[in-house]
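build me a structure from this.
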Amino acid sequence: MEASAVAEYLKKNPAFFEDYADVVAQIFVPHPHGGHAIPIAERQMLALRDKVYDLEQKLHELIRNGTENDQIGEKLHRSTLALFAAPDLETTLAVLSHSLKEDFGVPAVATRLWPDLSVGALPELGPTSVGIREYADRLRAPYCGSEAAFESREWFDSGESLKSFAYLPLRTEKTFGVLALGSEEPQRFHGAMGTVYLLRLAELASVAIARYLQRS
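I've put the predicted structure just below:
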C-alpha cells in the first residue's frame, strides 16, 4: 500500500486507534529534533507543542504590531495638532520637519513647493526642475526605495551619504510640492514596506501647507 492510502484509511476509520491501541503504543518514530526514537503519542504531543509555540509567536507579533501602530497614531495626532496650530507657512514647514525628525526619527527631511503665486523667499520655495515636478505629479502613492529623484539629493545637507528615500506628493486639487525623506540606512525606506502612514502623512501635510498657499 502507498503511504497516502494508509493516511486516507486512518482518516476514514478513527476507531482504528481505539481498537488497536496496543499496536499504536508500540509504534516508535524519530524525534522531530533529532536523537532517539519516541512513541507516536509523544511525537503527537511534541507536534501540538510546536503549534502552540508558533501561535504564541504570532500572537506576540500581533500585539507588538498593534502597540507600534498605536504609537504611530499618537505621534500623527500630536503632529496634526501642532500643524494646525501653526500661524503661518514658515512655522508649518518647521513643525513638519521637527515632527518627522524628533517624533518619527527620520534623519533627513526636505520639502519643495511650487505654488502658482509667490508666497515668500523660504528655502522650500526654491527653484525646482520640470523633472521633479512631473515626477511628483505622477506619484499616486508615496515612493520608497534607493533611487534619489532628479536633483532632490541636493536638498539634504548630507545628501551624498543617504542610501534610501521616500517621496510624498503634496497635493489638494493639484500637485504643488513634494516631501522628501532620506536615511543612511539602506532598508529604512524600501519598496516592500507599507505606506499607509506615509500616505496619511502626505495628506496631512498637504492640507496644512495648502492653507497658506491658497490664501496668497
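
tell me the secondary structure for L168?
strand (DSSP: H, G, I helix; E, B strand; the rest coil).

quick one, what contacts it?
Going by CB atoms under 8 Å, 6 or more residues apart in numbering, L168 touches L139, P142, V178, L179, A180, L181, L198, L199, L201, A202, A205. C-beta coordinates here come from the backbone N, C-alpha and C atoms, glycine included.

again, only this time at 10 Å
L168 is in contact with 111, 136, 139, 141-144, 177-181, 195, 198-199, 201-203, 205-206, counting by CB atoms under 10 Å, 6 or more residues apart in numbering.

taking those residues one by one, which sit in strands?
Per DSSP state E, strands hold the following members of these: T111, Y143, C144, G177, V178, L179, A180, L181.

who are the packing partners of the longest helix along the chain?
Looking across the chain with DSSP state H, the single longest helix is helix 40-85. Counting contacts by 3 or more CB pairs under 10 Å, 6 or more residues apart in numbering; DSSP states H and E, helix 40-85 packs against helix 21-26, strand 28-30, strand 37-39, helix 89-102, helix 196-215.

what angle do that helix and helix 196-215 make?
10 degrees (axes from the mean of the first three to the mean of the last three CA atoms, to 10 degrees).

relative to helix 89-102, how tilted is helix 40-85?
Using the same axes, to 10 degrees, helix 40-85 lies at 160 degrees relative to helix 89-102.

where does this protein dip in pLDDT?
By pLDDT under 70, the weakly predicted segments of the chain are 24-25, 28-29, 31-35, 38, 40-41, 117-119, 214-216.

break it into its domains for me.
For the chain, the structural domains run 1-85, 86-215, going by automatic domain parsing.

most packed of those domains?
domain 86-215 (a mean of 17; mean count of other CB atoms under 10 Å).

return the distance of the most centrally placed residue in the chain relative to P142.
For the chain, the residue nearest the mean C-alpha position is G194 (3.4 Å; CA atoms, centre = their mean). Here the criterion is CB to CB, to the nearest Å. By it, G194 lies 10 Å from P142.

same check on E124?
Applying CB to CB to E124 and P142 gives a distance of 18 Å.

Y53 too?
37 Å.

and what of V52?
Applying CB to CB, the value for V52 to P142 is 39 Å.
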